[in-house]
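following is a predicted model, sequence given first.
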Amino acid sequence: MYYKLPQDCECLPLTVFLLTAMGCIQSFGCKSKLFRDNISVLDVKASIDPNPTSIDESSSVVLRYRTPHFRASARVLFPPVPAKETWTVGWIQACNHMEFYNQYGEQGMSSWELPDLRDGKILAISDSDGVNYPWYGNTTETCVIVGPTKKVTKFTVSMNDNFYPSVTWAVPVSNSNVPQLSSIQRDQSFTTWLVATNAVTCDLVVLQTIRWRMKLVIEVSPSMPLGQRAKLLEPIIQEQPQVLSRNEPIPANALVKPNANDAQVLMWRPKTGDPIVVIPAK
């Protein structure tokens, strides 16, 4: 289910109500629009570090790699809050595409998958920290304003994200320790929103939308000595994020459990035979 705040308000007597997955009614009337228009986002920055993905072959059991960081920050001016209300401003993120394949020669491949996203049952899945739904985190990622306040509140909210997984050299469903990993391919896309929410009225205001993507292809020669097996093929430098000029609505699944880490499943897909669940969803 998608929703978005109205772009204009004709101040009709009828207030529009929307039942959301957060479990509360959202009211988007004229007062909400006027308050929203008084929230000033002074500066939004989004980037991916210009360094390439690094590869770590120090372990004889797993290959590790570390991707460059995606970083987002925003400076915000929040208007005085006249009522006894609590507003939270911060970052919400969702994964809307994931391909994560580890090839083991002619044996087959392992694959981290999000079944509902893979099967098209949902358009995106929460990338919350798994505790502070729907927020990506609750340190630098959010700011809480407790009303009533008499002055404008000025603050910065920031977040960062990257991947640092471990991939077994040997086939994950085998008792053998013989290295057979031959390649790694990963392609994930995310949407990140700067959002203001009212804990009393459940109003939700999208202030900014960012899209970004992380890709990589690593070639592996399993017969080579440890430390000389893996090579990053592409990309050396990641494509930079897009700060959209027009905001996008937030899918309901981006606001609620489960998050991507808890929902993902590790599959083994052999060249012949049926797929096997190696690690089920949490």
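Yep, it's here. Numbering: from 1, shown residues only.

all contacts plus neighbour counts: C-alpha atoms, from now on.
Fine.

off-centre distance for stretch 187-198?
7 Å (C-alpha atoms, centre = their mean, to the nearest Å).

do stretch 202-214 as well
For stretch 202-214, the distance to the chain centre is 11 Å (C-alpha atoms, centre = their mean).

for that stretch, C-alpha coordinates in PDB please.
Output in PDB follows, covering the C-alpha atoms of stretch 202-214 (Å, rounded to 0.1, in the frame of the first residue of the first chain):
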ATOM      1  CA  CYS A 202       0.500  10.100  13.800                       C
ATOM      2  CA  ASP A 203       1.100  12.700  11.000                       C
ATOM      3  CA  LEU A 204       3.900  11.600   8.800                       C
ATOM      4  CA  VAL A 205       5.700  14.200   6.500                       C
ATOM      5  CA  VAL A 206       8.100  13.100   3.800                       C
ATOM      6  CA  LEU A 207      10.800  15.900   3.600                       C
ATOM      7  CA  GLN A 208      13.300  14.400   1.100                       C
ATOM      8  CA  THR A 209      13.700  11.200  -0.900                       C
ATOM      9  CA  ILE A 210      17.100   9.600  -1.900                       C
ATOM     10  CA  ARG A 211      17.700   6.600  -4.200                       C
ATOM     11  CA  TRP A 212      21.000   4.700  -4.200                       C
ATOM     12  CA  ARG A 213      22.400   1.400  -5.400                       C
ATOM     13  CA  MET A 214      25.400  -0.800  -4.500                       C
END
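
make residue 1 into 53 and carry on from there
Okay, using 53 as the starting number, the last item reads as stretch 254-266.

name the element residue 148 belongs to?
Taking DSSP states H and E as the definition, one finds residue 148 inside strand 138-156.

what residues sit buried inside that strand?
Neighbour counts over strand 138-156 (16 or more other C-alpha atoms under 10 Å) mark 138-150, 152-156 as buried.

what are the pairing partners of whichever helix or strand comes after it, and which direction each?
Next helix or strand after strand 138-156 toward the C-terminus (DSSP H and E): strand 160-165. Using DSSP bridges, strand 160-165 pairs in its sheet with strand 138-156 (antiparallel), strand 317-322 (antiparallel).

poorly predicted segments of the protein, please.
Residues of the chain that meet the criterion pLDDT under 70 lie in 53-87.

can you dump the C-alpha atoms of the helix or strand where residue 115 lies in CSV for me?
When elements are assigned from DSSP H and E, residue 115 belongs to strand 114-118. Only the C-alpha atoms of strand 114-118 are listed here, as CSV (Å, rounded to 0.1, in the frame of the first residue of the first chain):
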residue,chain,number,x,y,z
VAL,A,114,35.5,-17.3,4.5
LEU,A,115,36.1,-14.5,2.1
ARG,A,116,35.1,-11.1,3.5
TYR,A,117,34.6,-7.9,1.6
ARG,A,118,33.8,-4.4,2.7
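
what's next to that strand, contact-wise?
Residues from elsewhere that reach strand 114-118 (C-alpha atoms under 8 Å, 6 or more residues apart in numbering): 105-109, 214-221.

returning to that earlier point: residue 195: which of the strands paired with strand 160-165 is closest?
Ranking these by proximity to residue 195 (C-alpha to C-alpha) places strand 138-156 first, at 5.3 Å.

can you name the next helix or strand after the strand holding residue 115?
Counting by DSSP H and E, what follows strand 114-118 is strand 122-130.

quickly run through the sheet partners of that next one, with directions.
Partners of strand 122-130 in its sheet, by DSSP bridges: strand 92-100 (antiparallel), strand 205-213 (antiparallel).

now render these as a markdown table, adding distance to residue 118 and mean neighbour count.
Below are these laid out as a markdown table (distance: least, C-alpha to C-alpha, whole Å; neighbours: other C-alpha atoms under 10 Å):
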| stretch | distance to residue 118 | mean neighbour count |
| --- | --- | --- |
| strand 92-100 | 13 | 16 |
| strand 205-213 | 11 | 17 |
